[in-house]
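Visitor: Provide a 3D model corresponding to the input given below.
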Amino acid sequence: MNRETKRLMQRQSQPAKDRQEMARRMRSPRKRGEKGRIRGYFASVRSELKAVDWPTRAQLKSFATVVFVTLVLVVGLIFLLNVLFSRGVSLLYG
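Guide: Got it, this is the predicted structure:
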């Protein structure tokens, strides 16, 4: 379930009076200074980072292992293709 769906469900579960108040506040945003906008930005970043589902140490190790093994396989494949193509070109052009 994504963030927009959760917010929509929260809005629908609120009483009508609260929804009207929220809609009124959204229609007429108050003006903020430069510092207020920056502070608000970092406050929203902090709240979003708290909502992130961070991986555990074991998950991180397994993900890193998968990435490393895939990297070694792709590098090996590219090396093999490079050797094959270089020998083929040297056979063609002597």
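Visitor: now whichever helix or strand residue 61 is part of: how far from the chain's centre is it?
Guide: Applying DSSP states H and E as the criterion places residue 61 in helix 57-93. Taking CA atoms, centre = their mean, to the nearest Å, the mean C-alpha location of helix 57-93 is offset from the chain mean by 27 Å.
Visitor: Sort out which residues of that helix are buried, please.
Guide: Of all the residues in helix 57-93, not one is buried under the rule 16 or more other CB atoms under 10 Å. For the C-beta atoms, the positions are set from N, CA and C on the backbone; glycine is no exception.
Visitor: Next, the residue nearest in space to the middle of the chain: secondary structure please.
Guide: Geometric centre of the chain, nearest residue: residue 52, 9.3 Å, by CA atoms, centre = their mean. Following DSSP: H, G, I helix; E, B strand; the rest coil, we place residue 52 in the coil state.
Visitor: any idea how far residue 86 lies from residue 75?
Guide: 16 Å (CB to CB, to the nearest Å).
Visitor: ah, wrong one, I meant residue 92
Guide: Going from residue 92 to residue 75 by CB to CB gives 26 Å.
Visitor: Now do the residue nearest to the centre of the chain, the pLDDT please.
Guide: If you check residue 52, the pLDDT there is 92.
Visitor: next one: residue 6
Guide: 81.
Visitor: What's the local residue count around it?
Guide: Per other CB atoms under 10 Å, the neighbour tally for residue 6 reads 11.
Visitor: so which strand or helix has it?
Guide: According to DSSP H and E, residue 6 maps onto helix 3-13.
Visitor: Pull out the C-alpha coordinates of that helix and format them as PDB.
Guide: Extracted in PDB, the C-alpha atoms of helix 3-13 (Å, rounded to 0.1, in the frame of the first residue of the first chain):
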ATOM      1  CA  ARG A   3       1.700   6.600   0.800                       C
ATOM      2  CA  GLU A   4      -1.100   8.200  -1.100                       C
ATOM      3  CA  THR A   5      -3.500   5.300  -0.400                       C
ATOM      4  CA  LYS A   6      -2.700   5.500   3.300                       C
ATOM      5  CA  ARG A   7      -3.300   9.200   3.400                       C
ATOM      6  CA  LEU A   8      -6.600   8.800   1.500                       C
ATOM      7  CA  MET A   9      -7.700   6.100   4.000                       C
ATOM      8  CA  GLN A  10      -6.800   8.400   6.900                       C
ATOM      9  CA  ARG A  11      -8.700  11.300   5.400                       C
ATOM     10  CA  GLN A  12     -11.800   9.100   4.900                       C
ATOM     11  CA  SER A  13     -11.700   7.800   8.400                       C
END
